[in-house]
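In: quick one, fold the following:
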Amino acid sequence: MLRVTVLALACLHAAEGYAPSLSAPRAKRRAAERAGLLRQPAAQMCGVLAVVNSQLSADALRLQTLTLQRLVRHRGPDGSGIHVIEHDCPTSGNCLCSSIAHERLAIVDPLSGNQPLFSHDNTRSLTVNGEIYNHKELRAQLKDQEPFRTASDCEVIVHLYDEVGDDVASMLDGDFAFVIVDDKTGDFYAARDPVGVNSLYYGTGLDGSMWFASEAKPLVAGGCIDIETFPPGHYYSSRDGKLTQYYTPSWRDVKAAVAPLDLALVRETFTRAVDKRMMADVPFGVLLSGGLDSSLVASVVARLKRQRFLKSGDPEYLKPLKSFSIGLQGAPISPRPRSSQRKLAPSTTASPSLSRRASMRSPT
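Out: Numbering: from 1, shown residues only. Predicted coordinates:
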């Protein structure tokens, strides 16, 4: 299936607004970045960190999580959250604690969608990096129609898990990496989107705890004895104690390619893929490179904006589509001196006739 993506302008705002000053000494700037004191310029999505069933005390685990959380802070310039859980003690008396943390890049519901998110009865907590394109449809299908606390597209995950359990990942249309923790029992569930658009790593702590993070750095700094990439299209349930593949598409086998070429279907699928990725409560734009595929994305976005204006009358859709490009110092396409260059610089305004200018592509 053709899948493309539109880069939310919030990502670009994060890169511009929190980039270190180029005039600062490089060594000092890098030291500040490592300490989490400066926002790094490569923010793309949110950042998650979870430590499950640790033998540390709640206070010690909170301090550890807050310290390691800084290593993914550059991923989320719009907010931070942490939830530390003291689980009910088993009969052995060996009480365990868990923590989940989140660094937020706000795209949907920027005012109230802060994480972690919680089930209606506050017994399960969720940290997630993702966008769930079918969240409204899933919300309507829930048996429990109690109002959500937020308008976040991701809150539906924890409520859906309450009703369908391990099948939740297979019902999501989007890109995601998330961890759900049961505050009472310490049971947990982690999942990654079908093709691995959003990163997720996992490992085992020295005390037997399970660790998950958007990047490997917190796991390395936390002393995990093994660190692996969480495989795309899989979920992990502590009740089974194993990884389970939930995404098994037929297209992975070339023998499945038996249908004749249908250009009209290709066009329709491509347009739908772009349309659902224009889900945002903040301005969005396109990241230009130089390929035909992203040129088509920009063209489709411009056309869809006009269609949305005609349907809703919202003048926001009449505003020109912002586009951005990235260049390297000394490259033929970068004539400006170093002092005047920015990490992400506004480029041309996209239009349906945009020729060989490109938008970000990502196989969601």
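In: show me this protein divided up by domain.
Out: Listed domain ranges for the chain are 1-37+260-364, 44-245 (source: automatic domain parsing).
In: just name the most buried of those domains.
Out: Highest mean neighbour count among those (mean count of other C-beta atoms under 10 Å): domain 44-245, with a mean of 19. Glycine gets a C-beta too; all of them are placed from N, C-alpha and C.
In: which residues in the stretch 251-364 of the chain form strands?
Out: Applying DSSP state E, counting those that start in this stretch to the stretch 251-364 of the chain gives strands spanning 285-288, 322-325, 345-346.
In: secondary structure element for residue 161?
Out: Assessed by DSSP states H and E, residue 161 sits inside helix 155-164.
In: contacting residues for residue 257?
Out: residue 251 (C-beta atoms under 8 Å, 6 or more residues apart in numbering).
In: returning to that earlier point: looking at the domains of the chain, which one has the lowest mean pLDDT?
Out: Ranked by mean pLDDT, the domains of the chain bottom out at domain 1-37+260-364, with a mean of 63.
In: how about the strands in the stretch 1-150 of the chain?
Out: Ranges of strands in the stretch 1-150 of the chain, per DSSP E, counting those that start in this stretch, are 47-54, 79-86, 97-104, 117-118, 124-132.
In: what about the second one, distance to the chain center?
Out: Strand 79-86 has its average C-alpha position 18 Å from the chain's average C-alpha position, going by C-alpha atoms, centre = their mean, to the nearest Å.
In: what does the fourth one give?
Out: With C-alpha atoms, centre = their mean as the basis, strand 117-118 stands 16 Å off its chain's centre.
In: against which helices or strands is it packed?
Out: Helices and strands touching strand 117-118, by 3 or more C-beta pairs under 8 Å, 6 or more residues apart in numbering; DSSP states H and E, are strand 124-132, helix 155-164.
In: any chance you could list what contacts it?
Out: Counting by C-beta under 8 Å, 6+ apart, 124, 125, 126, 127, 128, 149, 150, 152, 154, 155, 157, 158 sit against strand 117-118.
In: from residue 211, how far out is the nearest residue to residue 161 once chain neighbours are set aside?
Out: Excluding the flanking residues, the one nearest residue 161 by C-beta to C-beta, 6 or more residues apart in numbering is residue 168, at 4.6 Å. From residue 168 across to residue 211, the span is 21 Å (C-beta to C-beta, to the nearest Å).
In: kindly report the same for residue 200.
Out: 11 Å.
In: so who does residue 181 touch?
Out: Residue 181 makes contact with 50, 52, 85, 98, 100, 124, 125, 126, 187, 188, according to C-beta under 8 Å, 6+ apart.
In: turn the residues you listed into CSV, including distance to residue 266.
Out: CSV is the format used below for the contacts of residue 181 (distance: C-beta to C-beta, whole Å):
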residue, distance to residue 266
50, 39
52, 43
85, 47
98, 46
100, 41
124, 41
125, 41
126, 36
187, 43
188, 40
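In: nearest to residue 205, of the residues you listed?
Out: residue 52 (9.2 Å; C-beta to C-beta).
In: contact partners for that closest one?
Out: Counting by C-beta under 8 Å, 6+ apart, residue 52 has contacts 98, 179, 181, 186, 188, 209, 210, 211, 212, 238.
In: do the same with residue 53
Out: Counting by C-beta under 8 Å, 6+ apart, residue 53 touches 87, 96, 97, 98, 186, 188, 208, 209, 210.
In: again, only using 7 Å
Out: 96, 98, 186, 209, 210 (C-beta atoms under 7 Å, 6 or more residues apart in numbering).
In: which one of the residues you listed is nearest residue 308?
Out: Nearest member of the contacts of residue 53 to residue 308, counting by C-beta to C-beta, is residue 98, at 42.4 Å.
In: relative to residue 311, how far out is that closest one?
Out: Taking C-beta to C-beta, one finds residue 98 at 45 Å from residue 311.
In: thinking again about what came up before, just the contacts of residue 52: which are in helices?
Out: With DSSP state H as the criterion, helices contain none of the contacts of residue 52.
In: looking at those residues, which are in strands?
Out: 98, 179, 181, 188, 210, 211, 212 (DSSP state E).
In: please name the bridge partners of the third one.
Out: With DSSP bridges applied, the residues forming beta bridges to residue 181 are residue 125, residue 188.
In: if I look at it, how far off is residue 220?
Out: Distance from residue 181 to residue 220, by C-beta to C-beta: 22 Å.
In: tell me where the stretch 201-350 of the chain has helices.
Out: Counting by DSSP state H, counting those that start in this stretch, the stretch 201-350 of the chain has helices at residues 217-221, 263-276, 292-312.
In: nearest to residue 250, of those?
Out: So among those, helix 263-276 is nearest, using C-beta to C-beta, at 15.7 Å.
In: from the contact counts, what lies against the closest one?
Out: The elements that helix 263-276 packs onto, with contact taken as 3 or more C-beta pairs under 7 Å, 6 or more residues apart in numbering; DSSP states H and E, are helix 292-312.
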